[in-house]
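Participant: need a 3D model of the sequence below.
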Amino acid sequence: MRPCSLRVVCLAIGAHCHVANQKHPWGTPRQERPNMAEPEGVGALQDHQPARPVLSRQRSARQLWRLAMSAARVAGMLQHFSSVIPKLEAEAGDKSSLSSSDEAINVVVRVRPLNDREQGQDQLVRPSAQQSEIEVLASAANEKPKRFTFDRVLGPESTQADVFQSMKVPMAKFFAGFNVCVFAYGQTGSGKTWTMLGSQTEEPELAGVAPRAIAQLFKFVDKHSAETRAEVFVSVLEIYNETLKDLLASRGSTAKLEIREDRLLGVVVRNLTLTEVTSAESVGLILDRAMAARAVGETSMNLRSSRSHMIFTLTLHQQDRQDLAGYTKKVSRLNLVDLAGSERAKSTGATGDRLKEGASINQSLSHLGNVINALVKTAQGGGNGHIPFRSSKLTRLLQPSLGGNSSTLMIANCSPAEDSVSETVSTLRFANRAKQVQNKAKVNFSPQSQAILDLTGANLQLKAKVKSLEHNLEVERCRRYLQSVDSGSESKLAGRIRQLEAKASAEATRAAQLEQCLQTQGEATLRLLASAEDVQDDDAADAAPPAAGSFADAAVDLLEDHLTAAGAARDGVVTSVEQPSGAGDQALSSGRASAGLRDGLSAIQQAASHRESIASAGLSSRTELRALIAAMDDERESLLEYIDNLLAVVMDRCPDVLEHR
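Facilitator: Purely as a prediction, here's the structure:
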């Protein structure tokens, strides 16, 4: 069991236990439900209500188990969708593969060489060297040459490989899941069957469109067999005298073929034999068997003239090998149509059954021409909009290929002989009208995957629309917000801006004043320092300026000198005691001189200390002033940055107010 399924079963078992215990969502048993305020009489009425039937635990468990199994299956489908839908969503986003693009019918003209019967006649049909134009020369003197332009024109020297080069794009579309139709048109004996089937010999260069398409199909299947599961089916039918015939039906088969409409494949033939094939060789054998059963006859213009329209169909089913449910299944069809040629009884010499066959062929081709004309008129905006597809079996079967879900290639075969010039001109005119028909080809998915793709595409469109609506809603909100800003709000905002401007101006003035004050204090400090230096210079004018040291060092030297003099005076006093009185008077005078020196030294020391205190105070004041100036500069820069940010916010929200100011 898958993990998601196991989670669902666990939830179901938990729900069963919850019901078995009869737990109320509030977490208390039902009989213990808290009393609520009820109107008078309501409780009495509830007491007389009949009891509700309660399912047994076993029955409840069985129902929950079935529910869990259903949920598990749904979970498995969702898990499968999670791997398939991204691929489908990628294909839904690819416009080239899913969108019904209009494309015109591609027309290739092939001119065959002259046959044995036509030898000696003039060749009036001349393809251009550019392989896109063809010219039909005048067969009479009073006529003018006629020129036509097509997708490609092949001359008499063209080979079967040259013709199949035009099948490159249709085959690629067939492999991608598109319906493709290739039909050969032209008068009898113009080379239609040769172009479509080629020679029955073993020479591969003579193989026609059908054998080459079969070989390329199985090469494609073998190349992509690792990632894609492919199945190929074959069916062959003919329209003979407006009667459908299954060319692969067993002998004695009485099944009646009926044309019906299918939702996926479009127009289909009920009871038609559909044979699965696995190789190109098996398809070749089936094609040989169908050609042996096809109606052919001899006329004066062709020894083996096709007396019926043959439709050879290859049906390709493709599906991802990882997709087991078939959500990526694609079904495409390749219809190879060999039409019977238009003929004139005078030219073919047909009588009896051949004449009847020719009349039926011409009638069905005439209905085909009417359908082409109606489609062209409708595309040009004319006509009544009715397309006569049901006028014949041929037009009914070719309905998807003419203006429908198909990519169509028409190969117009022409004879260059002079006696066939009128039929050649008629064929070229028909082809010129056919190339104006627009088809709408698309990939043919299975109904399930097609529904998923439709929903995925709708989901993508809705997501894009939601994004667009969200964008429009945001624009509308902004517009309404701007409209809600009335004149009063604008005036308030303008007043607020003026207040901020005034505050910024006041802060700028204050910063300038502080800066000026600091500058004044700095100048005063400098003057004080200069005066202190002048005092020091005056005190030391008589002494030689010290080479190094400060004013305090000079004061200490002076003090030592005075102390030396004082010691000498003391010695003199001692000596005077021992000597006569004259010497004592001299010592007394020396002592008085020493006292005077002490007083002078004290004054000098006081002046020195005062000067040093003034100098240190000046230096500290200068440092504090510089720090204060730097702080004021930082504050001013912060204030200016705040004002700039505030103005930017105001400009972003209400630009009209600033422009007005």
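Participant: show the contacting residues for residue 339.
Facilitator: Each residue near residue 339 by CB atoms under 8 Å, 6 or more residues apart in numbering is listed here: 183-185, 192, 309, 365, 394. Yep, even glycine has a C-beta here, placed from its N, CA and C like the rest.
Participant: rerun at 6 Å
Facilitator: Neighbour list for residue 339: 183, 185, 309 [criterion: CB atoms under 6 Å, 6 or more residues apart in numbering].
Participant: can you flag which of those belong to strands?
Facilitator: Mapping these onto strands (DSSP state E) picks out 183, 185, 309.
Participant: buried ones from these, can you make that a ChimeraX selection?
Facilitator: Burial among the ones in strands among the contacts of residue 339 is assessed by 16 or more other CB atoms under 10 Å; the matching ChimeraX selection reads:
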select :183,185,309
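Participant: of the ones in strands among the contacts of residue 339, closest to residue 168?
Facilitator: Ranked by distance to residue 168 (CB to CB), the ones in strands among the contacts of residue 339 are led by residue 183 at 17.6 Å.
Participant: quick one: which of the contacts of residue 339 is nearest residue 428?
Facilitator: Here the nearest of the contacts of residue 339 to residue 428, counting by CB to CB, is residue 185; it sits at 10.5 Å.
Participant: does that closest one touch residue 413 like I think?
Facilitator: No - contact criterion CB atoms under 6 Å: residue 185 and residue 413 do not qualify, at 7.1 Å.
Participant: so what pLDDT did the nearest residue to residue 118 once chain neighbours are set aside get?
Facilitator: Leaving aside its sequence neighbours, residue 118 sits nearest to residue 417 (CB to CB, 6 or more residues apart in numbering; 4.0 Å). Looking at residue 417, its pLDDT reads 89.
Participant: ok, now residue 91?
Facilitator: For residue 91, the model assigns a pLDDT of 51.
Participant: now the one 10 residues further on
Facilitator: The predicted local distance difference test score for residue 101 is 56.
Participant: what does residue 328 give?
Facilitator: Predicted confidence (pLDDT) for residue 328: 80.
Participant: just give me the neighbour total for it.
Facilitator: As a burial measure, residue 328 scores 23 neighbours (other CB atoms under 10 Å).
Participant: sec struct for it, please.
Facilitator: coil (DSSP: H, G, I helix; E, B strand; the rest coil).
Participant: how close does the closest residue to it other than its chain neighbours sit to residue 254?
Facilitator: Spatially, and ignoring its direct neighbours in sequence, residue 328 is nearest to residue 320 (4.4 Å; CB to CB, 6+ apart). Residue 320 sits 40 Å away from residue 254 when distances are taken as CB to CB, to the nearest Å.
Participant: before we move on, what about residue 434?
Facilitator: For residue 434 relative to residue 254 (CB to CB), the value is 37 Å.
Participant: which residues touch residue 246?
Facilitator: 237, 272-273.
Participant: 8 Å instead?
Facilitator: 235-237, 253, 255, 257, 271-273.
Participant: nearest to residue 361, of those?
Facilitator: For these, the nearest to residue 361 is residue 237 (15.9 Å; CB to CB).
Participant: helix or strand: which one has the closest one?
Facilitator: strand 228-240 (DSSP states H and E).
Participant: and the helix or strand following that strand, what's buried?
Facilitator: Moving toward the C-terminus from strand 228-240, the first helix or strand encountered (DSSP H and E) is strand 243-246. Going by neighbour count (16+ other CB under 10 Å), the buried part of strand 243-246 is 244-246.
Participant: name every strand pairing with strand 243-246 and say which way it goes.
Facilitator: As defined by DSSP bridges, the strand partners of strand 243-246 come to strand 228-240 (antiparallel).
Participant: the stretch 151-300 of the chain: helices as residue ranges?
Facilitator: Secondary structure of the stretch 151-300 of the chain by DSSP state H, counting those that start in this stretch: the helices cover 160-165, 168-176, 192-196, 209-223, 280-293.
Participant: could you dump those to CSV with distance to residue 430?
Facilitator: As requested, those are arranged in CSV below (distance: least, CB to CB, whole Å):
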stretch, distance to residue 430
helix 160-165, 19
helix 168-176, 20
helix 192-196, 13
helix 209-223, 20
helix 280-293, 26
